[in-house]
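Visitor: fold the following.
(2 chains)
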There are 2 protein chains.
Amino acid sequence: MNTVLFRSEDVVEIVRYVGLDGFMDLAIDRIEKACEEYDQDSFNAPPRNGFSYEDPVRGLVEWMPAIRYGHTVVMKMVGYHPQNPGSRSLPTILSTAMIFDTGSGHLKSVVDASFLTSLRTGAASAVASRILATSESSTIGLIGAGLQAVTQLHALTRIFPVDRVLLSDVDSGACDSFAARAANAGLYDIHIRTTTVEEVVQRADILCTATSIDVGCGPLFDDRGLSGSIHVNAVGSDLPGKTELPRSLLKRSLVCPDFREQAIREGECQQLDEYEIGPDLVTLVKGKSGYRQFRQSPTVFDSTGWALEDYVVAELITGIGENIGCGVPFELATVSADPKDPYGFIAASSAGLRVRSANAG
Amino acid sequence: MNTVLFRSEDVVEIVRYVGLDGFMDLAIDRIEKACEEYDQDSFNAPPRNGFSYEDPVRGLVEWMPAIRYGHTVVMKMVGYHPQNPGSRSLPTILSTAMIFDTGSGHLKSVVDASFLTSLRTGAASAVASRILATSESSTIGLIGAGLQAVTQLHALTRIFPVDRVLLSDVDSGACDSFAARAANAGLYDIHIRTTTVEEVVQRADILCTATSIDVGCGPLFDDRGLSGSIHVNAVGSDLPGKTELPRSLLKRSLVCPDFREQAIREGECQQLDEYEIGPDLVTLVKGKSGYRQFRQSPTVFDSTGWALEDYVVAELITGIGENIGCGVPFELATVSADPKDPYGFIAASSAGLRVRSANAG
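Guide: Next comes the predicted model:
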């Protein structure tokens, strides 16, 4: 009974097979399709939960389960440890997904999901932006120039005629290295410039915020001089008390949470009353023709990261992997001849042990 | 950054290294110790949660997270698919555990936890029984002669002078094969006899119930003629509506749930009012000298299966595995040179791809 391991290098091989752009396009389309098909009989992706702590370092380990009934369960685990890049040369976010067959509970695969996590966050923003941002959007504003900024930008370039990026980050090193990192996504032909937060927000057609601002320290900018048709992908807010956007902007915008219950607890929606919150991502996608009228108004996608998105990209990468014979199979669970016999699998090879124990005793 | 895989065969090797009895003794002692040390600042093991469904078969996939703060997070996944033995020659319960370092969120190990799940259920019953059953208990009654019955019996033989087992199961095949399965635990010298449910409950010093009785179909037996000092390990009740014991027995017994919140929802405690529920396992162990007075009265350990037990055995098996160099290391997550660069690890080896894409296009 094999389990297939999709290591980081297997993920690379799969992404290379379809191409980075091709993989992003598939992720965007599949997330949109999953939203279109979503109903309570087909999917369940409850709010994430987790353990947070301050010792030995500030950190968080979360679980994000999702099921497509009659098919598979994906359990994505994600660690958030902001000291990782500085003290361990590890990414802040580390993630692994496990995929289980609902016919037997068998673990079908284990997937390195760190790359998939940042990729799906970009893809989800693209799904929302395709509905809510004007289709001629060409200037992308990025506040926070870290890992997420690259996948946000990459995803948006698959939908919009992007030719300019305005960038701001409290870490000037992140700004300096951004163009090289964007080039790894094939984004050579975009004019990228570091500037003030004020200029970023005032010139952006689409703004993405993806910072590590501390709890209680928002907003990142004042609600002044923004384009009347601005669309914001607010990605950084993912903890109770952590928010990035000015409340006045939220109050005058159509605010679409990825997952309402979670966004009220952890997202920009923390700053709103329930009646001020707009359609969630599923409602937005199912009613996209109607919601396109909001392209001329300020709109916000409140992205906290939804397990449904993880489900989709985990199925996508392993599906392609199976087709091209990628991944490392291993036998995790040896099946006993008698499923009622807990010790049979030990006894089957224990004659040697008994002799050894007798001698030792 | 290695992750170590402990496959079924690695678990066998580790268990053989310390011996099956030795491993059970360690599991019993470590679970008891974890209960002694348990407080809200050191451990967190919330109630399990899961997805249940009827299609394509009746099944359940659950997650059981636990943390020892400052140390590790263990996420145990468990599938319960009662049609597995009949239709797929798989055990009803399949389980995998993942262990994460709380310093970085790194996945330290992946462990086949099916064997550990039934073993720890036996070990937990032994912890409770050592406090609540009379120390001369020699006759064990088993209702339900499946997988769990073997580990229940094995664990009890490590504590009590067991010389007789009385057995009952609606599946006569399970009764017929029980002695051979017990022999795989080294239990050759115990007199094992299949009989009626009535005789089992009336003659048992310690009774273990571990059946697959359907929701709403309990109890398994009438509360008549039981020993005044009987101790019951009620193991089978693990779903809302599924219970095994007569309510009158519960009402006249000291009922100790493994984990109160979960037992009220899924265990025998469903049949009781809150004030009728006795100490949970942690309280029982911390106050063991006082609770020993109940050995002469009817007592029940209401075992629903607590994530703390899984935490303990997962740490135990991987700890021994590390010491003896067992397990298969693999690199799940390749670390990018720049943790802010999501595509760096692809670009680093993508020159070939770009050429191939150009040719293909």
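
Visitor: shaky segments in the stretch 201-350 of chain A?
Guide: In the predicted model, the stretch 201-350 of chain A carries pLDDT under 70 at residues A:335-337, A:348-350.

Visitor: ok, now which ones touch the spatially closest residue to residue A:288 that is not a sequence neighbour?
Guide: Distances taken as Cβ to Cβ, 6 or more residues apart in numbering or on different chains place residue A:131 nearest to residue A:288, at 4.8 Å, with adjacent residues excluded. (Each C-beta comes from the backbone N, C-alpha and C, glycine too.) By Cβ atoms under 8 Å, 6 or more residues apart in numbering or on different chains, the contact list for residue A:131 reads A:284-285, A:288, A:291-292.

Visitor: what's the farthest-apart pair in those?
Guide: By the measure Cβ to Cβ, A:285 and A:292 form the most distant pair in those, at 11.7 Å.

Visitor: between those two, which one's more packed in?
Guide: More crowded of residue A:285 and residue A:292, by other Cβ atoms under 10 Å in any protein chain shown: residue A:285, with 23 against 14.

Visitor: which secondary structure state does that one sit in?
Guide: helix (DSSP: H, G, I helix; E, B strand; the rest coil).

Visitor: excluding its backbone neighbours, what's nearest it?
Guide: Leaving aside its chain neighbours, residue A:285 sits nearest to residue A:35 (3.8 Å; criterion: Cβ to Cβ, 6+ apart).

Visitor: what's the helix or strand containing the one you found in contact with?
Guide: Assessed by DSSP states H and E, residue A:35 sits inside helix A:20-37. With contact meaning Cβ under 8 Å, 6+ apart, helix A:20-37 is reached by A:14-15, A:18, A:43, A:119-120, A:122-124, A:126-127, A:130, A:154-155, A:158-159, A:185-186, A:281-282, A:284-286, A:308-309, A:311-313, A:315-316, B:343, B:346.

Visitor: could you point out the helix or strand that follows that helix?
Guide: strand A:43-44.

Visitor: that next one - what's its average pLDDT?
Guide: Mean pLDDT, strand A:43-44: 96.

Visitor: so which elements touch that strand?
Guide: strand A:59-68 (3 or more Cβ pairs under 8 Å, 6 or more residues apart in numbering or on different chains; DSSP states H and E).

Visitor: what residues does the stretch 201-350 of chain A have near chain B?
Guide: Contact residues, the stretch 201-350 of chain A versus chain B (Cβ under 8 Å from any Cβ of the partner chain): A:328, A:330-336, A:338-347, A:349-350.

Visitor: of these, buried ones?
Guide: A:332-336, A:338-347, A:350 (16 or more other Cβ atoms under 10 Å in any protein chain shown).

Visitor: just the residues you listed: which are in helices?
Guide: If you go by DSSP state H, these have A:344-347 in helices.

Visitor: pretty sure residue A:120 contacts residue A:312?
Guide: Yes - assessed by Cβ atoms under 8 Å, residue A:120 is found in contact with residue A:312 at 7.1 Å.

Visitor: check the offset of stretch A:254-271 from the chain's centre.
Guide: Counting by Cα atoms, centre = their mean, to the nearest Å, stretch A:254-271 is centred 15 Å from the centre of its parent chain.

Visitor: and the end-to-end length of that stretch?
Guide: Length of stretch A:254-271, first residue to last, Cα to Cα, to the nearest Å: 14 Å.

Visitor: give the buried residues for it.
Guide: Within stretch A:254-271, the residues that count as buried by 16+ other Cβ under 10 Å are A:254-260, A:262-264, A:266-271.

Visitor: can you tell me which of those lies nearest to residue B:103?
Guide: Once Cβ to Cβ is applied, the member of the buried residues of stretch A:254-271 that ends up nearest residue B:103 is residue A:266, at 23.5 Å.

Visitor: so who does that closest one touch?
Guide: Contacts of residue A:266 were listed using Cβ under 8 Å, 6+ apart, and they are A:237-240, A:242, A:304.

Visitor: for chain A, which segments count as helices?
Guide: Under DSSP H, chain A gives helices at A:8-18, A:20-37, A:84-88, A:114-132, A:147-157, A:172-183, A:197-203, A:247-252, A:260-266, A:281-286, A:288-291, A:307-324, A:344-347, A:351-360.

Visitor: looking at the ones you listed, which is closest to residue B:58?
Guide: For the helices of chain A, distance to residue B:58 was read as Cβ to Cβ. The smallest value, 22.1 Å, belongs to helix A:307-324.

Visitor: out of the helices of chain A, which comes closest to residue B:145?
Guide: Of all the helices of chain A, it is helix A:344-347 that lies closest to residue B:145, at 14.7 Å by Cβ to Cβ.

Visitor: residues in contact with that closest one?
Guide: Helix A:344-347 is contacted by residues A:334, A:336-338, B:8, B:12, B:15-16, B:20, B:115, B:181, B:183-184 when judged by Cβ under 8 Å, 6+ apart.

Visitor: could you flag which of these are buried?
Guide: By neighbour count, with 16+ other Cβ under 10 Å, the contacts of helix A:344-347 hold A:334, A:336, A:338, B:8, B:12, B:15-16, B:20, B:115, B:181, B:184 as buried.

Visitor: flag the least confident of these.
Guide: Scanning the buried ones among the contacts of helix A:344-347 for pLDDT, the smallest score is found at residue A:336, 67.

Visitor: relative to residue B:298, which of the buried residues of stretch A:254-271 is nearest.
Guide: Once Cβ to Cβ is applied, the member of the buried residues of stretch A:254-271 that ends up nearest residue B:298 is residue A:262, at 46.2 Å.

Visitor: the closest one reaches residue A:49, doesn't it?
Guide: No - in terms of Cβ under 8 Å, residue A:262 does not count as a neighbour of residue A:49; the distance is 10.0 Å.

Visitor: how near is the residue of the stretch 151-300 of chain A found nearest chain B to residue A:78?
Guide: Relative to chain B, the nearest point of the stretch 151-300 of chain A is residue A:184 (3.9 Å; Cβ to the nearest Cβ). Between residue A:184 and residue A:78 the computed distance is 23 Å (Cβ to Cβ, to the nearest Å).

Visitor: follow-up on the earlier one: of all the contacts of helix A:344-347, which two lie farthest apart?
Guide: By the measure Cβ to Cβ, B:8 and B:183 form the most distant pair in the contacts of helix A:344-347, at 20.7 Å.
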